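Participant: got a sequence here, can you build the structure:
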Amino acid sequence: MGVTPLIRNGFSAPALLVCAAIWLFFAGLWMAGLYIARRRYAKYSRVLHHAGVDWPPNRSLA
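Facilitator: Coordinates of the predicted model:
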């Protein structure tokens, strides 16, 4: 997907810029997903903590 401009047009500066832009776009999506997931995890961890739920369960009690 990201190397298609390089395959079709060779290793020219515009083709490299297109590949870099595509790569940066998907890297940005990945980082946004990590950010959202970490925020949700922190939010639900706080909710569980305030409700008195020990999560993840303590394995030493099993």
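
Participant: contacts, neighbours, all on C-alpha from now
Facilitator: OK.

Participant: which parts of this protein are helices?
Facilitator: Ranges of helices in the chain, per DSSP state H, are 4-9, 13-50.

Participant: can you tell me which of those helices has the worst average pLDDT?
Facilitator: Mean pLDDT values for the helices of the chain show the minimum at helix 4-9, a mean of 65.

Participant: and residue 58, which of the helices of the chain is closest to it?
Facilitator: Of all the helices of the chain, helix 13-50 sits nearest to residue 58, with 13.5 Å by CA to CA.

Participant: packing partners for that closest one?
Facilitator: With contacts taken as 3 or more CA pairs under 8 Å, 6 or more residues apart in numbering; DSSP states H and E, helix 13-50 sits against helix 4-9.

Participant: now the helices of the chain in a markdown table, with distance to residue 59?
Facilitator: Below are the helices of the chain laid out as a markdown table (distance: least, CA to CA, whole Å):
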| stretch | distance to residue 59 |
| --- | --- |
| helix 4-9 | 49 |
| helix 13-50 | 17 |
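
Participant: now the ones you listed in JSON lines, with distance to residue 58 and mean neighbour count?
Facilitator: Formatted as JSON lines, those follow (distance: least, CA to CA, whole Å; neighbours: other CA atoms under 10 Å):
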{"stretch": "helix 4-9", "distance to residue 58": "49", "mean neighbour count": "13"}
{"stretch": "helix 13-50", "distance to residue 58": "13", "mean neighbour count": "13"}
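
Participant: wait, which of those helices is closest to residue 60?
Facilitator: helix 13-50 (18.7 Å).

Participant: from the chain's centre, how far out does the closest one sit?
Facilitator: Distance of helix 13-50 from its chain centroid, counting by CA atoms, centre = their mean, to the nearest Å, is 3 Å.

Participant: any idea which of the helices of the chain gets closest to residue 57?
Facilitator: Among the helices of the chain, helix 13-50 sits nearest to residue 57 (CA to CA), with 11.5 Å.

Participant: for the closest residue to residue 49 other than its chain neighbours, give me its contacts.
Facilitator: Leaving aside its chain neighbours, residue 49 sits nearest to residue 55 (7.7 Å; criterion: CA to CA, 6 or more residues apart in numbering). Residues in contact with residue 55 (CA atoms under 8 Å, 6 or more residues apart in numbering) are 45, 48-49.
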